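Participant: how would this look folded up:
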Amino acid sequence: MLHFARRTGLSAALIFIDLSAAYYAVIRETLFGKDLSSRPVHEIAEALGLDRDDLQALTHLIENEAILQQQDAPVLMRELAQEFHQQTWFVLHGDTHLISTFRGTRPGGTLADIMFNLLFGQALRRRKSSSLRSAVPSVPWGGHRSPFPRHLEGSSSAKDIPDIVYADDLCIPVVCDKASNLRSVVSAVAADTFDTLTPHALRVNLGPTKTAAIMAHTGVGSRAARHESFGVLKGRAPILPEGKGLMWLDLVARYRHLGAVVAYDGSLRADVKHRLALARNAFRDGRRRLFACKDVPLSRRAIFFKTHVLSTLTAGIGSWPALGECDWILFSGGLLGLYRQLMGLRAQGNWNLTVSQILASTGLPAADTILHVERLRFLGQLVRHGPDELWALLGWYTDYQRAVRSAGAWLLQTGGTAATLGPIEHNWERWASLMRDSPGKWKGLLKRAEAWYGCRHDLQARFDYIVRQQWGAHSQRVHGYRHPATRLATGGACSFLNHKILPKEEEFCRPLRLALQSTVFNSDQEIYDEVVSHIAPLPVLRHTVTGWMRELQNDGIRQMAADVLLVLTPEHLCTRLAGKQLEVLAPVPSFSPCLRCPLLRCPAPAAHALHFGRVDTTWRQRWKLEGVTLVPMTLADVPFSALRCYAVSVDFPAPPDDHFPLLLPALGSLKAMRKYCAW
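Facilitator: Presented below is the predicted three-dimensional model:
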């Protein structure tokens with residue numbers, strides 16, 4: 001909505017209204033009429049603190065405009081709903097007395113949701129001010145349900161954007177031609193809404209996180225309008241409901257609505273941070289007993305992580321537009337940090353794993369895969385159930401269109417059935433028919449694409465392990481490769497800058513050094529007492545004592561100082577050691593092929609030859625093996641320690657498809673991708 005207003009040069013605002021105890025405050029007579037109970041209307045008004053005008057409005061609603069009757073509800077539904085809302089009671093905890101109640105619906109029940117939505121929707125339609133009709137956003141739309149419409153400016157028809165209602169949460173979009181009039185329009189719309197809700201006993205919660213508004217000024221006079229709203233009025237707009245006195249509506253830069261953070265400029269930075277915080281809290285709740293427990297296999301932990309943590313992060317992100325560079329770094333880095341915590345890399349001290357290695361170890365999707373899958377899944381929901389008003393807004397939302405193009409290209413790269421769809425922008429009808437007519441096939445296509453990219457990261461991870469462990473030593477020994485820093489730096493001088501680097505000096509404690517040089521010690525205890533009387537990091541104290549030892553001429557005092565150094569260690573001085581414990585890890589041997597020369601024995605140990613793969617006829621002729629029996633074998637079953645035969649022939653198979661680089665497999669089916677990974 002804000003993007004459409006900015007693109008068309010309109011000033012826009014979003015008014016968020018939060019109701020106080022909405023379900024408990026419902027007046028049942030406004031739903032069912034005056035026959036529900038025998039209580040007079042003035043008793044209901046007195047209990048709610050309504051004035052005379054509100055009493056008259058409430059009486060008119062109960063007697064003439066009962067909601068279920070206006071909705072032409074079936075008689076059976078009206079009788080059942082009326083029976084459920086008569087003679088209701090509740091019991092307080094620890095009390096045995098029944099308390100009867102005449103107001104509200106039971107929160108959490110399906111019937112309560114239906115009744116409240118009927119009441120809330122009808123109350124909003126009863127707003128009286130016709131002069132605010134120009135504040136309702138009207139979006140030009142040609143009737144084409146597509147995120148890539150054409151000729152938007154020339155569309156003859158338009159769609160009005162109504163209030164956005166979900167349960168008791170309300171969002172009212174407002175637009176204005178002039179930036180200077182936006183604040184007054186917001187105040188008028190809010191006052192009219194408050195006047196409409198009051199006779200229904202629906203009270204508004206005021207506050208920056210409750211009932212507030214976001215204003216985005218655009219065009220001529222926007223700077224002066226912002227100065228008036230946020231400078232003169234200090235971020236508050238005056239509201240004047242009828243007979244209620246002056247009220248103040250908070251004007252905020254961002255607002256959390258239905259789990260998402262909406263910003264006045266359309267930025268997603270706050271929403272990304274908010275969702276990452278929710279995911280970290282969900283991870284922290286099960287960290288000790290599940291996610292960081294080494295007794296649970298990593299594959300099982302990854303399944304629970306995807307269910308409980310990843311679902312918290314991905315809820316609703318399918319509606320995100322294309323992320324900026326900073327937002328993308330924030331999202332992908334936060335997700336990768338959660339993956340690292342799941343693997344326990346901090347406790348193990350393994351910081352040299354690549355992204356592909358982490359994804360292959362956990363089996364979890366990458367950040368771009370998550371975004372593309374959620375966007376395509378959300379797009380399928382829009383095709384099946386999206387309202388026309390939302391399609392009209394998507395036609396103007398260029399950032400989201402760019403995200404949909406990227407997601408469509410991502411899906412086409414997996415090949416298979418998706419490759420026959422073509423680019424999503426030019427073949428939208430083909431994509432939409434698949435989403436609408438075959439939702440199960442569409443979901444399977446997304447799962448297949450996610451698995452295909454998972455295999456691709458698994459393939460990259462295998463090469464990363466080989467390169468990291470073997471290429472460094474191999475390139476240096478065989479190919480003579482040297483890093484530029486190694487070639488330019490000789491000793492303490494850099495041949496490129498012609499600059500000599502001074503040797504690093506050890507840090508020492510000057511007061512302790514002066515005290516050691518000026519004091520005569522008779523025992524090692526005196527030296528120790530002098531050392532611990534100074535406050536400095538433990539390595540600094542050790543360096544100071546070591547430097548003082550080099551200057552000593554007396555062998556006895558030097559031996560006492562050496563004894564003090566033996567005590568100056570964390571294991572002897574500290575009750576508890578924080579941080580990671582130093583572990584002695586076995587060195588990882590570099591790649592060294594096992595070459596064992598066959599032993600020639602006479603007579604022949606066995607009259608057969610083992611072979612794997614294709615057998616070359618010239619090889620048999622060269623070694624005179626035409627009369628020897630060939631026995632097939634597999635590489636996994638070869639008994640290298642007790643191999644008895646005439647000869648062994650090994651012919652490695654060619655890759656499934658050798659028309660592409662190893663790390664960039666060609667488009668194809670998921671089955672072919674898994675076969676290539678196995679090779």
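Participant: please enumerate the helices of the stretch 101-250 of the chain.
Facilitator: 110-125, 182-197, 222-227 (DSSP state H, counting those that start in this stretch).
Participant: domain map for the chain?
Facilitator: 1-21+132-140+158-266, 27-103, 274-459, 510-572 (the TED database).
Participant: ok, which of the helices of the stretch 101-250 of the chain comes nearest residue 617?
Facilitator: helix 110-125 (78.1 Å; C-beta to C-beta). Where C-beta positions appear, they are placed from N, C-alpha and C, glycine not excepted.
Participant: okay, the angle between that closest one and helix 182-197?
Facilitator: 130 degrees (axes from the mean of the first three to the mean of the last three C-alpha atoms, to 10 degrees).
Participant: average pLDDT for helix 110-125?
Facilitator: For helix 110-125, mean pLDDT is 71.
Participant: report all helices and strands that it contacts.
Facilitator: In this structure, helix 110-125 makes packing contacts with helix 29-32, helix 67-70, helix 75-84, strand 164-166, helix 182-197, judged by 3 or more C-beta pairs under 8 Å, 6 or more residues apart in numbering; DSSP states H and E.
Participant: just say which of these is most tucked in.
Facilitator: Across these, the average number of neighbours (mean count of other C-beta atoms under 10 Å) peaks for helix 29-32, which reaches a mean of 24.
Participant: hmm, back to that, how about TSV for the helices of the stretch 101-250 of the chain, with distance to residue 203 added?
Facilitator: Converted to TSV, those look like this (distance: least, C-beta to C-beta, whole Å):
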stretch	distance to residue 203
helix 110-125	13
helix 182-197	8
helix 222-227	30
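Participant: out of those, which is closest to residue 302?
Facilitator: Taking these one by one with C-beta to C-beta, helix 110-125 is closest: 35.5 Å.
Participant: coming back round to it: out of the helices of the stretch 101-250 of the chain, nearest to residue 162?
Facilitator: When those are ranked by proximity to residue 162 (C-beta to C-beta), helix 110-125 comes first, at 8.8 Å.
Participant: pull out the buried positions in the closest one.
Facilitator: 112-113, 115-116, 118-120, 122-124 (16 or more other C-beta atoms under 10 Å).
Participant: looking at the residues you listed, spot the one nearest residue 449.
Facilitator: For the buried residues of helix 110-125, the nearest to residue 449 is residue 113 (36.2 Å; C-beta to C-beta).
Participant: excluding chain neighbours, what is closest to that closest one?
Facilitator: Of all residues not flanking residue 113 in the chain, residue 167 sits nearest, at 6.9 Å (C-beta to C-beta, 6 or more residues apart in numbering).
Participant: and for residue 4?
Facilitator: Of all residues not flanking residue 4 in the chain, residue 396 sits nearest, at 4.4 Å (C-beta to C-beta, 6+ apart).
Participant: tabulate the helices and strands packed on helix 110-125 (JSON lines), appending mean pLDDT.
Facilitator: Output for those, formatted as JSON lines (pLDDT from 0 to 100):
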{"stretch": "helix 29-32", "mean pLDDT": "68"}
{"stretch": "helix 67-70", "mean pLDDT": "68"}
{"stretch": "helix 75-84", "mean pLDDT": "74"}
{"stretch": "strand 164-166", "mean pLDDT": "84"}
{"stretch": "helix 182-197", "mean pLDDT": "88"}
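Participant: residue 319 is nearest to which of those?
Facilitator: Using C-beta to C-beta, those put strand 164-166 closest to residue 319, at 13.0 Å.
Participant: so what touches the closest one?
Facilitator: Identification of contacts with strand 164-166 by C-beta atoms under 8 Å, 6 or more residues apart in numbering yields 117, 120-121, 124, 170-173, 258.
Participant: swap in 7 Å and give it another go.
Facilitator: 120-121, 171, 258 (C-beta atoms under 7 Å, 6 or more residues apart in numbering).
Participant: which ones are touching residue 299?
Facilitator: The contact partners of residue 299, taken as C-beta under 7 Å, 6+ apart, are residue 363.
Participant: part of a helix, is it?
Facilitator: Yes - per DSSP: H, G, I helix; E, B strand; the rest coil, residue 299 lies within a helix segment.
Participant: quick check: it vs residue 247, distance?
Facilitator: 57 Å (C-beta to C-beta, to the nearest Å).
Participant: which residues does residue 90 bridge with?
Facilitator: residue 99 (DSSP bridges).
Participant: number of residues surrounding it?
Facilitator: Residue 90 is flanked by 9 other residues according to other C-beta atoms under 10 Å.
Participant: which helix or strand contains residue 677?
Facilitator: According to DSSP states H and E, residue 677 maps onto helix 670-678.
Participant: what residues sit buried inside that helix?
Facilitator: 670, 672-673, 676.
Participant: tell me the gap between it and the middle of its chain.
Facilitator: Here helix 670-678 shows a centroid-to-chain-centroid distance of 29 Å under the convention C-alpha atoms, centre = their mean, to the nearest Å.
Participant: biggest helix in the chain by residues?
Facilitator: When the chain is parsed with DSSP state H, its longest helix is helix 439-466.
Participant: re the thing from before, which one of the contacts of strand 164-166 is nearest residue 179?
Facilitator: Residue 179 has its nearest neighbour among those in residue 171, at 21.1 Å by C-beta to C-beta.
Participant: buried sites along the strand ranked longest in the chain?
Facilitator: Secondary structure of the chain per DSSP state E: the longest strand is strand 11-20. Across strand 11-20, burial judged by 16+ other C-beta under 10 Å covers 11-19.
Participant: can you add pLDDT and give those back as CSV?
Facilitator: Output for these, formatted as CSV (pLDDT from 0 to 100):
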residue, pLDDT
11, 90
12, 90
13, 91
14, 92
15, 91
16, 91
17, 89
18, 86
19, 84
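Participant: from the residues you listed, pick the one nearest residue 609.
Facilitator: residue 14 (80.1 Å).
Participant: ok, the nearest residue to residue 229 once chain neighbours are set aside to residue 15 distance?
Facilitator: Nearest residue to residue 229, sequence neighbours excluded (C-beta to C-beta, 6+ apart): residue 183, at 5.2 Å. Noted for residue 183: a distance of 12 Å to residue 15, by C-beta to C-beta.
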